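Visitor: Pasting the sequence and the predicted coordinates here, then a few questions.
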Amino acid sequence: MDQQTYSVILTGKVKDGFQLEDVIRTAAALFKCSEDKARSMFSGKPLTLKKDLAKVLAEKYLQQLLKIGIACQLAPQAQSGGLSLESPTPGGGLTLAAGPVTAKATPTPPAPAAATAATHGHSAPAPAEEEETVDEFQELMTFVGDHSDGYRQQFIELDENGGKFKPYWHWAAFLITFPWLIHRKLYLPALAYLLLGGLLYLLLPAPLTLILIFIGPALTAHYLYFLYARRKVRGENTDGSAREQRLAELGGSNTLPITAAICIGTVVLSWILISVMAVGIVAKDVDLGAVVQEAKSNQQMLEQLHDPNEQATLAGMMLVKTTYSLFLMSAKVSGQNVTAPESMDGLKQMLQMQDEMAVDAWSHPLTLENRQGVLTLRSAGIDGQLDTDDDIKLAISK
């Protein structure tokens, strides 16, 4: 972890495009001081606002100050210089306590810090407790863990926007939504994504479903992850170093092997559940006795053939039959109407069969007969001629 600390340096000027008097009024409200005291910040001389800040915290200050028009910059601790606002300046300038300013862009009292005028020595009232502070933002980055730089700017803007929705593009959430959710330990959202995706697939047209399950996560991932991380940070009750360790454990990301294992396991489980549902839907139409009888019949047919090539051909045809039966079951579950193919080419296209499945052991192409909806596969046998004694036939539908 980077141990370098930084100082926030005010340049003594306002940013281009801002009016000096407007910035002075905003700064006076932000630091809870008089406009005269705030004016001393713009004397043209550099002033150190904060010292010994971690990079994330220092960048948060920088974003806040730049947004209201105060020209400033970060400097590694050893390079900071000039006057400091953390101690009385020569001539009784502005003095600030060490606490952070709020992340709000509008003039609001700084979070837990108090601003004091050195000449008067009284503390300003603390801001409302519900305001999100820079300390919380740093904890958000701790929670994010790996690759937090990829979320910092979006989280800063969402924070300053009061946590209101703002779309950002997230490539990982677009290309690999479910693995990304698992990688970021968003297990319940991942489960919800699977269930919602399946529901949308059943209820909506395919183009609209694709937009919702790919484009939707890509545009909302940063915002939803920000809300999730903030809820976890605010809900954690530990303190001190144990709190930082606990946030890192709750957040962060899974390693690639763990992510892959969970994703594969989920896919397998989903397939099992879908299969069980499919079996439940079609079970009332399945005669288990007939299934057992057919299995015995297939075994007897194979035993009657003594040539290995003939056995291999019949076994291949049985595989085609099984594939076609599963296809019909799947179509029934999804409510699709299936028209029986008229030729082997039609069956290959329907089942997306490889060419190797559509030939016999002698590399002769299989043929398909459709007689009033009854489909029969046929091999020409070793002689390659149909309608001879060595033909091998198998009905694949009734």
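Guide: In hand now; what should we look at?
Visitor: where exactly do the helices run in the stretch 201-350 of the chain?
Guide: 206-210, 216-235, 240-250, 256-282, 288-304, 308-334, 344-351 (DSSP state H, counting those that start in this stretch).
Visitor: Can you add mean neighbour count, mean pLDDT and distance to Ile396 and give these back as CSV?
Guide: Heads up, the C-betas are built off the backbone N, CA and C, glycines and all. Shown next, in CSV, are these (neighbours: other CB atoms under 10 Å; pLDDT from 0 to 100; distance: least, CB to CB, whole Å):
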stretch, mean neighbour count, mean pLDDT, distance to Ile396
helix 206-210, 12, 79, 29
helix 216-235, 18, 91, 42
helix 240-250, 13, 83, 55
helix 256-282, 12, 67, 17
helix 288-304, 11, 71, 11
helix 308-334, 16, 82, 4
helix 344-351, 16, 88, 9
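Visitor: now these as JSON lines including distance to Leu366?
Guide: Below are the helices of the stretch 201-350 of the chain laid out as JSON lines (distance: least, CB to CB, whole Å):
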{"stretch": "helix 206-210", "distance to Leu366": "33"}
{"stretch": "helix 216-235", "distance to Leu366": "45"}
{"stretch": "helix 240-250", "distance to Leu366": "59"}
{"stretch": "helix 256-282", "distance to Leu366": "27"}
{"stretch": "helix 288-304", "distance to Leu366": "16"}
{"stretch": "helix 308-334", "distance to Leu366": "7"}
{"stretch": "helix 344-351", "distance to Leu366": "6"}
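Visitor: Among those, which comes closest to Lys393?
Guide: helix 308-334 (8.5 Å; CB to CB).
Visitor: what's the closest one packed up against?
Guide: Contact partners of helix 308-334 among helices and strands, from 3 or more CB pairs under 8 Å, 6 or more residues apart in numbering; DSSP states H and E: helix 256-282, helix 288-304, helix 344-351, strand 374-379, strand 392-395.
Visitor: coming back round to it: out of the helices of the stretch 201-350 of the chain, nearest to Lys13?
Guide: Minimum separation from Lys13 across those (CB to CB) falls at helix 216-235, 33.0 Å.
Visitor: ok so, going back, out of the helices of the stretch 201-350 of the chain, flag the one nearest Gln64.
Guide: helix 216-235 (17.6 Å).
Visitor: which residues are contacting that closest one?
Guide: 132, 136, 139-140, 143-144, 151, 154-155, 158-159, 163, 165-174, 177, 180, 184, 186, 189, 193, 247, 250-251 (CB atoms under 8 Å, 6 or more residues apart in numbering).
Visitor: of those, buried ones?
Guide: For the contacts of helix 216-235, a neighbour count by 16 or more other CB atoms under 10 Å gives the buried set as 132, 136, 139-140, 143-144, 151, 154-155, 158-159, 168, 170, 172-174, 177, 180, 184, 186, 189, 193, 247, 250-251.
Visitor: Out of those, list just those in helices.
Guide: Judged by DSSP state H, helices contain the following of these: 136, 139-140, 143-144, 151, 154-155, 158-159, 172-174, 177, 180, 189, 193, 247, 250.
Visitor: coming back round to it: of all the helices of the stretch 201-350 of the chain, which one comes closest to Leu377?
Guide: Comparing those under CB to CB, the one sitting nearest is helix 308-334, at 4.8 Å.
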